[in-house]
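>>> Fold the following.
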Amino acid sequence: MFTGSASIEIVIAVIAIVFFIVGAIINKRVIHQGQQTSAEIDLQKIEELGLSKREYEVLCEIASGLSNKEIANKLFVSESTIKTHVSNVLVKLNAKRRTQAIQIAKKLQIIEQ
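Just a heads-up that it's a prediction; the model follows:
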């Protein structure tokens, strides 16, 4: 027969295993749910807005948090060119700020959530 402390250790081990299994199941469901909720990019909406490929590329980089200078370096263009693209994106999305443009773009499903 088990002593008192050994049986407590077994109970604790069983509880730990149960929590581990429950955590793994919950994690799997959350990851699976996240994959299901990611909507497809609405290419038709991008076309309707009149966003050029470069403007759309700049919008995606804005959404990833890059500054104009960083975007310019990444796309091998001048910072002035990026400022023009950003301005065009703001006009086409009817946004006053970059953050507002990102919110509108997510709502329109033209960039990833």
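
>>> Report the buried residues of stretch 66-81.
Across stretch 66-81, burial judged by 16 or more other Cβ atoms under 10 Å covers 66, 68, 71-72, 75, 81. C-beta coordinates here come from the backbone N, C-alpha and C atoms, glycine included.

>>> Now do that stretch: everything it contacts.
54, 57-58, 61-62, 82-83, 86 (Cβ atoms under 8 Å, 6 or more residues apart in numbering).

>>> before we move on, what about stretch 101-109?
For stretch 101-109, with Cβ under 8 Å, 6+ apart as the criterion, the contacting residues are 39-42, 45, 49, 59, 62-63, 89-90, 93-95, 111-113.

>>> From residue 6, how far off is residue 14?
13 Å (Cβ to Cβ, to the nearest Å).

>>> before we move on, back to that, ok, which pair from the buried residues of stretch 66-81 is furthest apart?
Using Cβ to Cβ, the buried residues of stretch 66-81 span at most 14.4 Å, a distance reached by 66 and 81.

>>> just to revisit the earlier point, make a markdown table out of the buried residues of stretch 66-81 and add pLDDT and distance to residue 23.
Listed next are those as a markdown table, based on pLDDT from 0 to 100; distance: Cβ to Cβ, whole Å:
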| residue | pLDDT | distance to residue 23 |
| --- | --- | --- |
| 66 | 94 | 35 |
| 68 | 96 | 43 |
| 71 | 95 | 40 |
| 72 | 95 | 45 |
| 75 | 94 | 42 |
| 81 | 96 | 49 |
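
>>> Would you reformat those residues as TSV and include secondary structure and distance to residue 100?
Formatted as TSV, the buried residues of stretch 66-81 follow (DSSP: H, G, I helix; E, B strand; the rest coil; distance: Cβ to Cβ, whole Å):
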residue	secondary structure	distance to residue 100
66	coil	17
68	helix	16
71	helix	18
72	helix	22
75	helix	22
81	helix	22
